[in-house]
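>>> structure of the sequence below:
(chains A and B)
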Amino acid sequence: MGEPLIDIRSLTVDFDDGHRVVRALRGVDLAVQAGEAVGLVGESGSGKSVTWLAALGLLGGRAQVGGEVLFEGRDLVGAPVSVLEAVRGARIAMIFQDPSSSLNPVYRVGRQLVEALQLHRGMTEASALAEARRLLDRVGIADAARRLRDYPHELSGGMNQRVMIAMALAGQPQILIADEPTTALDATIQAQILELLQEIRRDSAMALVLISHDLGVVAENTDRVCVMYAGRIVEDAPIDTIFEAPAHPYTAGLLAALPDLEGPRRRLAAIPGVVPEPWNLPRGCSFGPRCPEFEAACEAAVPPALELARGHRAACIHARSGAV
Amino acid sequence: MSEPLLEAAGLVRHYHIRRGGRLFGSPAILRAVDGVSFTLQPGRTLGLVGESGCGKTTTARLVLGLLPLTAGEIRLQGETLPPAGERRWRELRRVMQMVYQDPLAALDRRIAVGRQVMEPLVIHAIGAPAERRDKALAILQAVGLQAHHFDRYPHELSGGQRQRIVLARALILSPRLLVCDEPISALDVSIQAQVVNLLLDLQAQMGLAYLFISHDLRMVRQVSHEVAVMYLGRIVERGDPDRLFAAPAHPYTRALVSAIPVATRTGRQRLILKGDPPNPVDVPKGCAFHERCPIAIARCRSETPALRAMADGRQVACHLASGSADA
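I've put the predicted structure just below:
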C-alpha cells in the first residue's frame, strides 16, 4: 500500500462547555487510501462525526483539537483558514444526514450548485450553469434543467440528498465523507442513494468514508470498517473479517444484538448497561463494565490497538486473531 | 379462536386540504388511511411496516381514538370504541396504551419519573396514595429499573431507561393492548436489543397484545406474530412474518425486503424502485403502486386490487400475485 491520502494520527478533541472540559475524542488513528471505501460505525456520541468535523476544522472555538491530520503533505490541525478552505468542499467534501437542513431554503438549488462551482472550480456563470445541469443529471435527477429552478422544499428528501451529492461532486473531491447519508430516508430511497454513491465511486475513483450506525449499510458499501466506542477506534478490519471473526467484544456484541431476517428467531443477545458518558468514563478499557470478558487487567490501562493480522487492529487485551 | 381483542374494520381517515398548503389553493383530499382492516388476538403482536407517509402512525392514532375516523369502526373486546372524550372511551383507554418513539418528548421534564409512572392511577382514581407508590415501584422493577430511579428526572436517565419509564407508565393500568409507534428507533443499536427483549418478556408475563409499528423489518420480524405492509394508506400484504419476508408476494414488499442492507453478502439481487412514493393527495388510479412497480400491466393502471387470500394463508393486494386461495 502506498502513502495514504489522508492520515489521521492521535486525534483528540476536548470540548469546553464553560464548567468543565470533556474529552470527546481520545486518540483516533485512521488512514484512508486513495479510492478506498471505509465505514465508520458506532453509537451516538462515539465520535464518528466529530473525527471528521475536527479533521476539517469545522468544530468552532469551543473545541480544542490535538494530534495530526496529514493531507497532501500538510497538517490540517491548526492550519490557517485559507488552507482549510482550499481543502473543504474542494478536495474533501462532506454530506450530512438531513439534506434539507444542509441546503439553503431561500435559494433555488441551481443557484446553490452554481455558487459551489464558482467557488471551487472558478467557473463563469454560464459554464457553471451547464455544469450544474450535468451534475444533477449525473446524480439521477430527471428533468435536470427544470429542477435547477426548484427550491429545496419542492423536492423530496431523496432528491435533496441527490442535490447534496451533486454539490459535493462540484469540487471534484478526492474524498467524500458521507455522515449518515441515508438515515433520514425511507428504506427504498436509501437503496437508491447508496446505489448512486457506489456508481459514482466506480466512475471516479473517489475515496468514500461512510459514517453509519447501521452495520448492514457499511457492510454492503465499504471494503473496510472501523468500529468506534467512547471516542476511540476499538476495531479496524476488512469487512469480511469483522463479520466472520470480530476480535473486539464490543464488535461481537453489536453483531449479536442484530436480529436476522431469515432463519429461526432467537432471543437477541443484548449488550448490558449503557454507553458511558464522556465525563464519567470507567478506568482502563471504556467497554470494561459491559464486557463479558472483563477481568481486573482491563482496568489497569486503556488497551492499545493490537495488530492481529494485516489490516486488522483491535484495542482489547483479549484480542486474538480470529477469536472471540 | 378466542374473541379478538381488537378489530379494525375499514378504517378511513381523510383530510381536506388546500393544494400546495396555500390558503387559496384548490381543495383536495389527502387519503392518509384508506380502508384498513385487521384483527388482533389477545397476547399476540401485529407488526405494521411501511415507509413514511404510508399511514402507519395515523392507523395507530385511529385505533386509540386519538383521531376521529372518517369511516370505519374499531371494536375493543367486542365493544365499538366510542368517540374520544366520552366517559366510556376514557374507561376503555385503560385497556389500551401508547408507547411513542421519542421518550424524552413523551415525558415531562420537570416531574420526577416515579410520579409520572403513578399519574395514570391518579387520573383513574385507583388506590390510595401509598398503594400507588408501591404499585409504581413494582412496575419499575418489572421493566428492569430500580427503586432509586423513582425520584430521578428524565434528563438524568439514558435513552433506554427513559423508554423503560414510558413503558412502565403505559403498563401501570394493566392494559391488554400496547400500541408501540417506532418504540426503539430513537435508541442506540446496543440498547434496541435490550428493549425488544423486554417487550417480549412483558408479553409473556402479562399476556399483552402489541400493535408494533416500525420501519425496521428485522425488528418487526423479531417481535411479530403477523405482519401487515402498508403503502399509501392501504394494506398491500399481510401474513406470517417468516413467510412474508422469505418470499414476499407483493412487488412492494419485495422491494422493501430487498432494500434492507445485510451484514452478510449473499449476492442476492437488489430491487431498486424508481422515484419516490407518490403524494397521498394524488394517489395514482388503479393500484397505487403501479407507477413504481417493475411488473405492472395495463390492468394495474385502471383497477384497484383488493386484498385477497392466498393458499398459504396470507393476503395480498396485487393482480399479479399467484397462488390465490380461490384460483
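>>> list the contacts of B:Ile295.
B:Pro251, B:Leu320 (CB atoms under 8 Å, 6 or more residues apart in numbering or on different chains). Bear in mind the C-beta positions are built from the backbone N, C-alpha and C, glycine included.
>>> ignore the last one, B:His124
B:Arg94, B:Leu173.
>>> next one: A:Ala63
Taking CB under 8 Å, 6+ apart as the definition, contacts of A:Ala63 comprise A:Val13, A:Asp14, A:Phe15, A:Asp16, A:Ala24, A:Ala54.
>>> give me that answer again for 6 Å
Residues touching A:Ala63, when contacts are defined by CB atoms under 6 Å, 6 or more residues apart in numbering or on different chains, comprise A:Val13, A:Phe15.
>>> and B:Ala8, helix, strand or coil?
For B:Ala8, the secondary-structure state derived from DSSP: H, G, I helix; E, B strand; the rest coil is strand.
>>> tell me the secondary structure at residue 190.
Let's take chain A. Following three-state DSSP, we place A:Gln190 in the helix state.
>>> I was after chain B.
Following three-state DSSP, we place B:Ser190 in the helix state.
>>> from A:Gly216, how far out is it?
Distance of B:Ser190 to A:Gly216, given as CB to CB, to the nearest Å: 15 Å.
>>> the two - which one has more neighbours?
When B:Ser190 and A:Gly216 are compared on other CB atoms under 10 Å in any protein chain shown, the one with more neighbours turns out to be B:Ser190, at 22 against 17.
>>> roughly how far apart are that one and A:Pro303?
The gap separating B:Ser190 from A:Pro303 is 19 Å, by CB to CB.
>>> please report the distance of the closest residue to A:Gly2 other than its chain neighbours from A:Asp16.
For A:Gly2, the nearest residue in space outside its immediate sequence neighbours is A:Gln33; the separation is 7.2 Å by CB to CB, 6 or more residues apart in numbering or on different chains. Relative to A:Asp16, A:Gln33 is positioned 34 Å away (criterion: CB to CB).
>>> again, but for B:Ala112
When distance is defined by CB to CB, B:Ala112 is 31 Å away from A:Asp16.
>>> contacts for stretch B:30-37?
The contact list for stretch B:30-37, computed with CB under 6 Å, 6+ apart, reads B:8-15, B:17, B:55, B:58-59, B:233-235, B:280-281, B:283.
>>> report the contact partners of the single nearest residue of the stretch 1-150 of chain A relative to chain B.
In the stretch 1-150 of chain A, no residue comes nearer to chain B than A:Glu43, which is 4.0 Å away by CB to the nearest CB. Listed by CB under 6 Å, 6+ apart, the contact partners of A:Glu43 are A:Val275, B:Asp188.
>>> the one 10 residues further on too?
A:Leu53 makes contacts with A:Leu59, as judged by CB under 6 Å, 6+ apart.
>>> what helix or strand does it sit in?
Using DSSP states H and E, the element containing A:Leu53 is helix A:48-55.
>>> so for stretch A:243-252, first residue to last residue, what's the gap.
Across its full length, stretch A:243-252 reaches 8 Å end to end, with CA to CA, to the nearest Å as the criterion.
>>> same check on stretch B:108-119?
Between where stretch B:108-119 begins and where it ends, there is a gap of 11 Å, by CA to CA.
>>> stretch B:167-184 now?
Terminal residues of stretch B:167-184 are spaced 12 Å apart (CA to CA).
>>> likewise for stretch A:286-299?
Stretch A:286-299 has an end-to-end distance of 9 Å (criterion: CA to CA).
>>> what comes up buried for it?
Across stretch A:286-299, burial judged by 16 or more other CB atoms under 10 Å in any protein chain shown covers A:Ser286, A:Phe287, A:Gly288, A:Arg290, A:Cys291, A:Phe294, A:Cys298.
>>> out of those residues, the closest to chain B would be?
Of all those, A:Arg290 has the smallest distance to chain B: 8.0 Å, by CB to the nearest CB.
>>> how near is the nearest residue to the closest one once chain neighbours are set aside to A:Tyr250?
Take A:Arg290 and drop its neighbours on the chain: the residue closest to it by CB to CB, 6+ apart is A:Gly273, 4.3 Å away. Taken as CB to CB, the spacing of A:Gly273 relative to A:Tyr250 amounts to 12 Å.
>>> again with B:Tyr210
Distance from B:Tyr210 to A:Tyr250, counting by CB to CB: 30 Å.
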